[in-house]
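In: I'd like to go over a predicted model; first the sequence, then the structure.
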Amino acid sequence: MDLGIKGRRALVCASSKGLGLGCARALAGAGVDLVMNARGAEALETAAQAIRTEFGVKVTPVAADITSDSGRSQVLKAAGDADILVTNAGGPPPGMWTDWEREDFIKALDANMLTPIALMKALLPGMMDRGWGRVVNITSQSVKSPIGVLGLSNSARAGLTGYVAGTARQVAPSGVNINNLLPGIHATDRANSLDGAAAEKEGIALDEARARRAATIPARRYGTAEEFGAACAFLCSNLAGFIVGQNILLDGGAMNSTL
Ligand code: NAP
């Protein structure tokens, strides 16, 4: 399928590994030039070089913390007039509702709500002027179905979802589409660390913790970054112009609901 975005430019945040990398690779496969970002320079350069070699697109890596003002400035400078924005950052740590203080919430809001909002605010005007743009925010299944131990994530991502619901409909008349992708459990470092925390809490082996989580998913497995990236590339494509302000769940059927 020709996604119709060959030669476009994308900023893909937090993309040296995991779901962000899956999105970067799928966009590169559609012929999109990339600005990639992560804090660790070495893994980022390795991922960027692999994409250049495999797909022949231009890749500009920017090693910076996307949740900081200075990091965002560096990344946005490199992104210039990007046509496509994929927002992402590490997720907040797990814990108990009794543990979290104001500072913990401020950190989570900064990373998983205010950072994507700042990036959209910076890039949407240019997309609207040019009459074409795509934004995909990587959020979480926790927006639709809360995960108790991820209360910081539940809260911050719900805030972003509300913002997107209103803003997507304001920018759609200019040919700019904003949607959210909601990952269920995917096999990434993040999933490993959550499995590790569960294993420790329950006093079981890591493999056992993973098997127990996989058993809760009708697909009986974790999702892959490749599958996630393919969904992202489609939402960023020319073919997705009528999809506005949606929250698309990729969870192997884990959330039990009719609609
Ligand atoms: P991951 O495998 O841990 O990868 C995270 C990527 O983001 C790495 O490239 C990391 O590189 C980069 N990163 C983290 N913090 C950053 C920051 N402040 N600035 C720039 N780059 C940063 O995580 P993932 O599983 O892909 O998860 C991505 C997002 O989806 C997270 O918000 C996570 O909570 C959410 N999510 C994941 C799952 C899942 O099952 N995997 C499910 C629901 C939601 P550096 O560390 O070098 O910066």
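Out: Perfect, I can see it now.
In: The helix or strand where residue 120 lies packs against which elements?
Out: In the assignment (DSSP states H and E), residue 120 maps to helix 115-130. When contacts are defined as 3 or more C-beta pairs under 8 Å, 6 or more residues apart in numbering; DSSP states H and E, helix 115-130 sits against helix 69-79, strand 84-87, strand 133-138, helix 151-171, strand 176-183. (C-beta placed from N, C-alpha, C; glycine too.)
In: again, only using 10 Å
Out: Here helix 115-130 touches strand 9-12, helix 69-79, strand 84-87, strand 133-138, helix 151-171, strand 176-183, going by 3 or more C-beta pairs under 10 Å, 6 or more residues apart in numbering; DSSP states H and E.
In: the inter-axis angle of the longest one versus strand 133-138?
Out: Think helix 151-171. For helix 151-171 against strand 133-138, the angle between stretch directions is 170 degrees (axes from the mean of the first three to the mean of the last three C-alpha atoms, to 10 degrees).
In: If you drop the residues flanking it in sequence, what lies closest to residue 213?
Out: residue 185 (6.0 Å; C-beta to C-beta, 6 or more residues apart in numbering).
In: which residues sit in contact with the one you found?
Out: The neighbours of residue 185, taking C-beta atoms under 10 Å, 6 or more residues apart in numbering as the test, are 141, 191, 194-195, 210, 213-214, 216-217, 219, 221-223, 250-252, 254.
In: phi, psi of it?
Out: Dihedral angles of residue 185 (phi, psi; degrees, to the nearest 10) stand at phi -70, psi 120.
In: so who does the closest residue to residue 167 other than its chain neighbours touch?
Out: Once flanking residues are discounted, residue 167 sits nearest to residue 178: 6.3 Å by C-beta to C-beta, 6+ apart. Shown in contact with residue 178 (C-beta under 10 Å, 6+ apart): 85, 87, 116, 120, 124, 127, 133-137, 163-165, 167-172, 235, 243-246.
In: for residue 234, same thing?
Out: Contacts of residue 234 by C-beta under 10 Å, 6+ apart are 1, 3, 26, 30, 136, 240, 243, 248.
In: at 8 Å what do you get?
Out: Residues near residue 234 by C-beta atoms under 8 Å, 6 or more residues apart in numbering: 3, 240.
In: Show the pLDDT at it.
Out: At residue 234, the predicted lDDT confidence score is 98.
In: isn't there a strand covering it?
Out: No - assessed with DSSP: H, G, I helix; E, B strand; the rest coil, residue 234 is helix; it does not lie in a strand.
In: I figured residue 26 hits residue 230, correct?
Out: Yes - under the criterion of C-beta atoms under 8 Å, residue 26 makes contact with residue 230 at 5.3 Å.
In: Name the residue in the two with the higher neighbour count.
Out: Between residue 26 and residue 230, counted using other C-beta atoms under 10 Å, residue 26 has the larger neighbour count: 25 against 18.
In: how near is the residue lying closest to that one once chain neighbours are set aside to the ligand?
Out: Distances taken as C-beta to C-beta, 6+ apart put residue 229 closest to residue 26, at 3.4 Å, once the chain neighbours are dropped. Note on residue 229: its distance to the ligand, by C-beta to the nearest ligand atom, to the nearest Å, is 11 Å.
In: dump the residue contacts of residue 229.
Out: Residues in contact with residue 229, defined by C-beta under 8 Å, 6+ apart, are 19, 21-27.
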